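J.: sequence-free structure coming up:
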């Protein structure tokens, strides 16, 4: 294993060096970095040109100039020396100063969309494979191909028009959802749920009626109580959600007949519900550091409870405890964020229009961790969805095809012939092998997401790495371009390396050797 890791690191460095040379020469040949000064009417034009040439070594041919840049970039690999140097921009700003700020915005955007796309895509793909050729499968297949064909800039514009502007206008209009709209939404919800549940016609009609009435009733109650301006889950909502999380987690991961898993899940749900009342005072004075500590403690409680109460199958109980604890804790935090929603939309900086269409945060807006968290969420919501849709279709198709292929293998038929429950066959025998091609797709998708961020950040005016790269490319500003390249190339190489290691974890037949 050690030899394999060292060999991969050496090969990755060689690839990075060769690719950086090609990128540098191509970018240097794409235009003239002195064009803006040469067309200027400034009286000191000659001095400005000479200063830029001296600062950026423009009098050196690009292939040789690359060695100068490489000498500064190579020092970044040596920690604690302080010699890391990625050069200056055309505006004489240090790339090491502007790059972390741009990286922060892009990492927030890409990480959220990546995690959501992966989870939703894999889950939906598994469900469609288990419901092959059903109405739900056909609907998801059509939706996946439709989303896959949409360009990201068009998705971004549509989201701004119909989600942001529409919801903001709805809040400012101070009007209830009209009866025709309620009926239409209820009918659509009923149709969707009856497709999801499936079964004979009588069962579909019952599901359609119940879900339509429930949707209409909930929306009517939300309108009557002005829930969209003063949202909250409350004790009843939190209780229903944490109990539902516990039951669903046990049903999928261990089966409802597993008493120990039920006890672990119930205990963690109970702890989360008690914490909902006990931590309200702490939440009022919390910072981001407090939330991190609470998150670590929540995970630890889930793992420890599973280890203590898990019996002979501690691993399964620990997974159940951790999932229930983390998701239930997230419900408690969600309710606290909702409690701060009226303060956020009531701020003069927000002016009752919370869903943002530009930027990564509201200029000049400050507050506690709750309102600033809402501000970040409202600004990243639409660009995250726009990027999410790029990957969701691919993950859904790969997960569906992978699971269908695995379910046709001989060992799956043997497991079913032995009388194992379908849940055990899918979760314990088929799921791991189905994830092997997904690991390869994840490594390739990181680059696609970062590439899509260039367009998305431009549409939503987010000052991230994509916007930095686009602006630098137009000015032929080589050093920021190469800073962007380093981050992208390192991320792609890292995730390909992690994918190789994931193969050994997912498939015991794979052995990593030097």
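T.: Received the coordinates, thanks. On a predicted model such as this, the values are computed, not experimentally measured, just so you know.
J.: ranges for the helices of the stretch 51-200 of the chain?
T.: Assignment of helices within the stretch 51-200 of the chain using DSSP state H, counting those that start in this stretch yields the ranges 62-74, 95-130, 135-149, 152-159, 165-173, 179-197.
J.: would you indicate which residues of the longest one are buried?
T.: This means helix 95-130. Neighbour-count burial for helix 95-130, counted by 16 or more other C-beta atoms under 10 Å, picks out 95-96, 98-99, 102-103, 105-110, 112-114, 116-118, 121-122, 124-130. Where you see a C-beta, it was placed from the backbone N, CA and C, and this is true even at glycine.
J.: before we move on, the earlier item: of the helices of the stretch 51-200 of the chain, which is nearest residue 441?
T.: Residue 441 sits nearest to helix 95-130 of all those, at 9.2 Å, using C-beta to C-beta.
J.: for that closest one, packing partners?
T.: Based on contacts counted as 3 or more C-beta pairs under 8 Å, 6 or more residues apart in numbering; DSSP states H and E, the elements that helix 95-130 packs against are helix 135-149, helix 369-407, helix 431-459, helix 465-475, helix 478-506.
J.: low-scoring stretches of the protein, by residue?
T.: 1, 78-83, 174-176, 452, 507-514 (pLDDT under 70).
J.: excluding chain neighbours, what is closest to the residue sitting nearest the centre point of it?
T.: The residue lying closest to the centre of the chain (C-alpha atoms, centre = their mean) is residue 112, at 2.1 Å. The spatial neighbour of residue 112 that comes closest, neighbours along the chain excluded (C-beta to C-beta, 6 or more residues apart in numbering), is residue 384 at 4.8 Å.
J.: helix or strand right after the helix or strand where residue 242 lies?
T.: Using DSSP states H and E, residue 242 sits in helix 234-253. Using DSSP H and E, the helix or strand that follows helix 234-253 towards the C-terminus is helix 259-278.
J.: ok, and for that following helix, which residues are buried?
T.: 260-269, 271-273, 275-276.
J.: ok, residue 88 touching residue 97?
T.: No - if you go by C-beta atoms under 8 Å, residue 88 and residue 97 don't touch, sitting 9.8 Å apart.
J.: closest to residue 345 out of the buried residues of helix 259-278?
T.: residue 276 (23.6 Å).
J.: returning to that earlier point: and of the helices and strands packed on helix 95-130, who's closest to residue 172?
T.: Of those, the one closest to residue 172 (C-beta to C-beta) turns out to be helix 369-407, at 15.0 Å.
J.: just the angle between that closest one and helix 431-459, please?
T.: Counting by axes from the mean of the first three to the mean of the last three C-alpha atoms, to 10 degrees, helix 369-407 lies at 140 degrees to helix 431-459.
J.: what's downstream of helix 369-407, the next helix or strand?
T.: That would be, after helix 369-407 and using DSSP H and E, helix 410-417.
J.: what residues does that following helix touch?
T.: 406, 422, 424, 425, 429, 430 (C-beta atoms under 8 Å, 6 or more residues apart in numbering).
J.: show me which residues of that helix are buried.
T.: Applying 16+ other C-beta under 10 Å to helix 410-417 flags 412, 415 as buried.
J.: how far is it from where the chain is centred?
T.: Distance, stretch centre to chain centre, for helix 410-417: 36 Å (C-alpha atoms, centre = their mean, to the nearest Å).
J.: repeat for stretch 225-233
T.: 26 Å.
J.: re the thing from before, pipe the contacts of helix 410-417 into JSON lines and attach neighbour count per row.
T.: What follows is the contacts of helix 410-417, written out as JSON lines (neighbours: other C-beta atoms under 10 Å):
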{"residue": "406", "neighbour count": "20"}
{"residue": "422", "neighbour count": "10"}
{"residue": "424", "neighbour count": "15"}
{"residue": "425", "neighbour count": "19"}
{"residue": "429", "neighbour count": "19"}
{"residue": "430", "neighbour count": "24"}
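J.: in JSON lines, list those residues along with distance to residue 350.
T.: Shown next, in JSON lines, are the contacts of helix 410-417 (distance: C-beta to C-beta, whole Å):
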{"residue": "406", "distance to residue 350": "49"}
{"residue": "422", "distance to residue 350": "49"}
{"residue": "424", "distance to residue 350": "50"}
{"residue": "425", "distance to residue 350": "51"}
{"residue": "429", "distance to residue 350": "51"}
{"residue": "430", "distance to residue 350": "48"}
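J.: from what I see, residue 479 and residue 69 are in contact.
T.: Yes - the pair residue 479 / residue 69 is scored as a contact, 7.2 Å apart, by C-beta under 8 Å.
J.: go ahead and confirm residue 391 touches residue 445.
T.: Yes - in this structure, residue 391 is within contact of residue 445 by C-beta under 8 Å, at 5.4 Å.
J.: and the two? Which one has more around it.
T.: residue 391 (25 against 22; other C-beta atoms under 10 Å).
J.: which residue is the nearest non-sequential neighbour of the more buried one?
T.: residue 117 (3.8 Å).
J.: can you tell me which residues contact the one you found?
T.: 387, 388, 389, 390, 391, 392, 395, 445.
J.: and residue 31, which of the three is it?
T.: coil (DSSP: H, G, I helix; E, B strand; the rest coil).
J.: what about it, neighbour count?
T.: 13.
J.: quick check: it touching residue 476?
T.: Yes - counting by C-beta under 8 Å, residue 31 does reach residue 476; the two are 3.9 Å apart.
J.: if we can go back for a sec, just the buried members of the contacts of residue 117?
T.: 387, 388, 389, 390, 391, 392, 395, 445.
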